[in-house]
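Enquirer: mind folding the following:
(chains A, B, C and D)
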There are 4 protein chains.
Amino acid sequence: MKGFAMKKIGEVGWVEKDKPDIGAYDALVRPIALAPCTSDIHTVWEGAVGERTDMILGHEALGVVDEVGSEVKDFKPGDKVIVPAITPDWYSDAALRGFSSQTGGALGGWKFSNFKDGVFGEYFHVNVADWNLAHLPEGMPLEAAVMIPDMLTTGFMGAENSNIPLGGSVAVLGIGPVGLSAIAGAELQGAGRIFAVGTRPKCVEVAKAYGATDIVSYKDGNTADQIVEATGGEGVDSVVVAGGGPDILIDAINAARAGSVVSNINYFGTGDTLPIPREGWGVGMADINIATGLCPGGRVRMERLADIVKYGRMDPALMATHVFHGFDKVEEALMLMKDKPRDLIKPVVIVDENL
Amino acid sequence: MKGFAMKKIGEVGWVEKDKPDIGAYDALVRPIALAPCTSDIHTVWEGAVGERTDMILGHEALGVVDEVGSEVKDFKPGDKVIVPAITPDWYSDAALRGFSSQTGGALGGWKFSNFKDGVFGEYFHVNVADWNLAHLPEGMPLEAAVMIPDMLTTGFMGAENSNIPLGGSVAVLGIGPVGLSAIAGAELQGAGRIFAVGTRPKCVEVAKAYGATDIVSYKDGNTADQIVEATGGEGVDSVVVAGGGPDILIDAINAARAGSVVSNINYFGTGDTLPIPREGWGVGMADINIATGLCPGGRVRMERLADIVKYGRMDPALMATHVFHGFDKVEEALMLMKDKPRDLIKPVVIVDENL
Amino acid sequence: MKGFAMKKIGEVGWVEKDKPDIGAYDALVRPIALAPCTSDIHTVWEGAVGERTDMILGHEALGVVDEVGSEVKDFKPGDKVIVPAITPDWYSDAALRGFSSQTGGALGGWKFSNFKDGVFGEYFHVNVADWNLAHLPEGMPLEAAVMIPDMLTTGFMGAENSNIPLGGSVAVLGIGPVGLSAIAGAELQGAGRIFAVGTRPKCVEVAKAYGATDIVSYKDGNTADQIVEATGGEGVDSVVVAGGGPDILIDAINAARAGSVVSNINYFGTGDTLPIPREGWGVGMADINIATGLCPGGRVRMERLADIVKYGRMDPALMATHVFHGFDKVEEALMLMKDKPRDLIKPVVIVDENL
Amino acid sequence: MKGFAMKKIGEVGWVEKDKPDIGAYDALVRPIALAPCTSDIHTVWEGAVGERTDMILGHEALGVVDEVGSEVKDFKPGDKVIVPAITPDWYSDAALRGFSSQTGGALGGWKFSNFKDGVFGEYFHVNVADWNLAHLPEGMPLEAAVMIPDMLTTGFMGAENSNIPLGGSVAVLGIGPVGLSAIAGAELQGAGRIFAVGTRPKCVEVAKAYGATDIVSYKDGNTADQIVEATGGEGVDSVVVAGGGPDILIDAINAARAGSVVSNINYFGTGDTLPIPREGWGVGMADINIATGLCPGGRVRMERLADIVKYGRMDPALMATHVFHGFDKVEEALMLMKDKPRDLIKPVVIVDENL
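Expert: Now for the predicted structure:
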């Protein structure tokens, strides 16, 4: 089978591999729709997960089940499925403790294009199919559904962790697809006023559609200062960090009022340490908590997010700005993610509409 | 001054009283908009709070500040305000413990038309004005804003207490104005599928507008059974009880799956005890919790709910089916609430548009 | 192999069966120490789980691993283990939702002596050994450790669910072994004053050793009234219901102050419905929540509770009032539990000290 | 009246001032027992709260009420009281939002020896007496009770915020009086294994008495590495930071396992920013949350902590290593705190045993 892979740090290309073997609880899946992620870019060009050789990329997919192991009960060949980016080992210490994304060590629930071949292959392996796959609801647009495996679960987790009081004020720093999902998530958690920090016009447009009430641009000065001023000197109840460099926690904490939560969903790629502002953090006593996490995966999460889409609570398809057709377009889509043209939010590859 | 009062159990009428005196932290307020509540009906015709003589009714109001005590800092005569139904003593044991609606004893945060004259007077007294009043945002429609003091805060609390997982399923039993607010609240808490149990066409229409996905009628059989069946034998993640007789907790618990919360916002007017179903509750071990509360009042809550309305998160004006003009229409509005015509959700009295 | 079984409702006796088969993730275990539970009594003489034929009883055990399936990694024959009463299916919807005791339906995590043969056999089957067994710490007294699988996890859960504020007041209704464990749990959750409701002198003695500060007896009048009076008319912050008849929730709610949680760990064996007091519950608005659950099982829970015992946070051996030696003493121990002599808290059977 | 004051940054001395005036809700109090705090040292010699002139120091006191305002109901002259270090404005936005220590701005609940004269005067002013004072239980040793106003409430909050699972593992970094209180707090929150990081023999002795099971010294290598190794490469469930320099969060996060909370109660006195370790924090996705806060004050908290002491849940007097007698000994006690002799945990001044 064919797959689009990281050949080594800094280099991508097509590879030919055997179809993966599956165990008794696993499934073999073919992709229906795929989306490249900024993480794929980090993985290849920044060496974010270390050196990898000919590892197939990708962890955002919808698929069709090709084969299942002997113990799989709820899925059979031909079933269309949502495949979460995070596929935990449910038999594990971290899952029993309630942190399934961290099974088998920090970030260990993230397997695709990290510890094993990803979803940019003609076939890919899914562990514990019954509890890591979810049925794709009939009739759901693929470019909407393909946002569920990573963008929605990550962005929504950002909002959930930020502990938004009903009607409370939120600032979302960064309005790429994860930040936009966090904005939609903030509305779904009952936010009142929502500040979106970003400048790209297309992103700003979707931010407003998802519930942002105030757009803040770094071009108008320090963004934390702008948020504090707009809230009468107070700062906001909740902050979601969905982008930014190693210093972004400084802005985040400075934009937060006493009693708030700063919720991080940003990948920090550089630096030994990340700075927190001593005074803004009240010399360590400001009642400003900092939350973090790796997006929840697994079946129940996917089913619940599918219901969010199915019942029209928000429309993730607004983020699918560039839609390609055909499996071989994965390469082009990934490079688009690398080049980030100004009108891009998220590229999607529809592998086969008829599958 | 004039007020519309409970003269005794079973009898209402206009009374003449002195304007209330105010203390150093208090305010005297005149009504701009008023709404009668089912609680007023319970109070008068069911003797829900016991015998009262010539007590002015009403606890849902928008107003204009007439006079403030010497220690009031943030409000001055002429300010338009939202007046919460619940006005806690912030200097109290229960408030320090985090349960401000229960200050001074169970339900003690509820003062208007319970321990003191209510808001259906030409003037009314508000304790601790700085922390129990909120500024009415300029331009907010009165028939929307007047839902904030009780309907929204009660219905939303119902949803908040029911611990809805993002994308989870919810059943709201009862679709009067509080139940409808609970439906809107469930959507604001991230619900996926929302079952609304009720039959009145006007209420059903608003339930759908607020996010209900399935309408369940008792005419089609036991409502809990219908919900369980519609969820594949599982039941829902969260239940809000927003109406029903003394036996309604039986339906509520039977509609809930293991791991859920049943959140009560229903007033129980009769019976020494309320029954819980032994088997449905897993012989006491089903991980089905039962939450209850009296709606939060106070300034911060009102401000946050005002932001919900201001930023268009939901439109409470849909519930204002009957709008009267003129203070003296309070009587007619209250009797409408008593008679409950089929197309009624909530009557509102606009006292003076120009105030 | 031999086992002590429920032959049918109302009748027990020894049976001869084949050793259970085990699957790839399972283990076969021989008992080292056993304890009968009130639930066994309910099961046999009250038909609590329905009719059963020749089902081996018992769900509280320490054991030694006899054989493991091919996929078991952390346990091998000869390992001494703690066996939880509740052994969830970790591959399940309820476990993914965070309610592992309810896997496969309400109370479905409870398998021993409910859906399959229990631990009162020469051998017994444990599903998902790696995540349902815990290593027995070397040197831990057996009569202490054998309280972990059910008594401690149940009683402690009662305290955890009751949301005790640090230094808060708690009432524990019932001082059998589960209630006593709840008292110890309340102290481990930071309770200040702890009321224990019960009368048996031996239980009272251990209640005090576990942290009870006030002993309340029904002989001195209504117990809720006594607690309310002792707290200056307020009631307590938290209530744990660890015994009592179908009406016990009335006492529990009447003893609770506004803002509290009533946490149930009592098995309700009779009645279609269980009554809640309407007035004591503030006509449904008192901010008195009712929590319930089935005790957590699984490996992580067992390991953590083993640490509680290992580090001397409390001594469960105080509850082992009657210690038998030899597997065949299971019958005598069970009948003791049925007869409940006045000086009994919990009987324990040491099967073989040298295993 | 006489008071021991910060004359300016770097200089202390006795001053003569008028007795403070009190408002309608306030009280004038005379000290019975006092304790200097490391914060006093930070205030004077590090300018932690900025320049102050002749500001009376001290915020840890027991006292006797001398005079009360007209609206005070529960206290009268002659009442012995516990005076919390933090005396919130209960009429405030932050208190309504649930963060009373942050009333009137970050750390605004801290008034004594910050915004107004402290407790090291012959008289001192207490705002909102009814809700900021607590009655001193009769017979409670003064050197125990005087730990409640700051040491216990701070250390316990550290443990509460660290979200310790019952039987979970905890590391407390720093074993001064606040760290020791955190250790006691961890036990009161149900910790199993407790690592205490520190070296002073007297502190180590009390750490063990309060429940520490493992003592970790920097002399044996990196402390985080030692904790990770001792836990089989995992790290602990909860970390409390109760001391250390600007880099201590690095150790704290590196000692934490995925899914844990790092709870800070350390005062950070220097540096623009505080570093978090990027890799140890899972590039921002490790599910390691960071909590912070200023210790809760107010009446309810003091009463609950008094119950902890009264019912023997822990004995704070173990920390009172140096007990002085007479008001004028405040100077000597404070200088002892500055010099930190090796056998010091906490100095206490008994002003007058007979008051």
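Enquirer: packing partners of the helix or strand bottoming out on mean pLDDT in chain A?
Expert: Across the helices and strands of chain A, the lowest-confidence element by mean pLDDT, DSSP states H and E is helix A:38-45, at a mean of 93. Helices and strands in packing contact with helix A:38-45 are listed as helix A:330-339; criterion 3 or more C-beta pairs under 8 Å, 6 or more residues apart in numbering or on different chains; DSSP states H and E. Any C-beta I mention is one placed from the backbone N, CA and C, and that applies to glycine too.
Enquirer: before we move on, back to that, the helix or strand following the least confident helix or strand of chain A pairs with which strands, parallel or anti?
Expert: Counting by DSSP states H and E, the element after helix A:38-45 in chain order, helix or strand, is strand A:55-56. Taking DSSP bridges as the criterion, strand A:55-56 pairs within the sheet with strand A:2-8 (antiparallel).
Enquirer: would you mind getting the angle between the strand it pairs with and helix A:38-45?
Expert: Orientation check (axes from the mean of the first three to the mean of the last three C-alpha atoms, to 10 degrees): strand A:2-8 against helix A:38-45 gives 50 degrees.
Enquirer: show me what strand A:2-8 is in contact with.
Expert: For strand A:2-8, contacts defined as C-beta atoms under 8 Å, 6 or more residues apart in numbering or on different chains pick out A:12-17, A:43-44, A:51-58, A:113, A:117-118, A:120-122, A:327, A:330-331, A:334.
Enquirer: again, only this time at 10 Å
Expert: Taking C-beta atoms under 10 Å, 6 or more residues apart in numbering or on different chains as the criterion, the residues outside strand A:2-8 that touch it are A:11-17, A:34, A:36, A:40, A:43-45, A:47, A:49, A:51-58, A:113, A:117-124, A:327-331, A:333-334.
Enquirer: what helices or strands is the helix or strand following it leaning on?
Expert: Sequence-wise, the next helix or strand beyond strand A:2-8 is strand A:11-16, with elements assigned using DSSP H and E. Here strand A:11-16 touches strand A:2-8, helix A:38-45, strand A:55-56, helix A:330-339, going by 3 or more C-beta pairs under 10 Å, 6 or more residues apart in numbering or on different chains; DSSP states H and E.
Enquirer: buried deepest among those, which one?
Expert: strand A:55-56 (a mean of 24; mean count of other C-beta atoms under 10 Å in any protein chain shown).
Enquirer: going on from that strand, what's the next piece of helix or strand?
Expert: Counting by DSSP H and E, the next helix or strand C-terminal to strand A:55-56 is strand A:61-68.
Enquirer: what pairs with that following strand, parallel or antiparallel?
Expert: Paired strands of strand A:61-68, with direction, are strand A:27-34 (antiparallel), strand A:80-83 (antiparallel) (DSSP bridges).
Enquirer: now do the contacts for residue A:74.
Expert: When the contact criterion is C-beta under 10 Å, 6+ apart, the partners of residue A:74 are A:68, A:129-131, A:133-135, A:299, C:93.
Enquirer: one more time with 7 Å, if that's ok
Expert: Listed by C-beta atoms under 7 Å, 6 or more residues apart in numbering or on different chains, the contact set of residue A:74 reads residue A:130.
Enquirer: give me the phi and psi for it.
Expert: phi -100, psi 0 (degrees, to the nearest 10).
Enquirer: still on that earlier bit, lowest average pLDDT across the helices and strands packed on strand A:11-16?
Expert: Within the helices and strands packed on strand A:11-16, the stretch with the lowest mean pLDDT is helix A:38-45, showing a mean of 93.
Enquirer: what residues does it touch?
Expert: Residues external to helix A:38-45 that are found in contact with it (C-beta under 7 Å, 6+ apart): A:6, A:9-10, A:12, A:48-49, A:57-58, A:113, A:267, A:269, A:334, A:337-338.
Enquirer: among those residues, which ones are buried?
Expert: A:6, A:9, A:12, A:48-49, A:57-58, A:113, A:267, A:334, A:337 (16 or more other C-beta atoms under 10 Å in any protein chain shown).
Enquirer: I appreciate the help and will end here.
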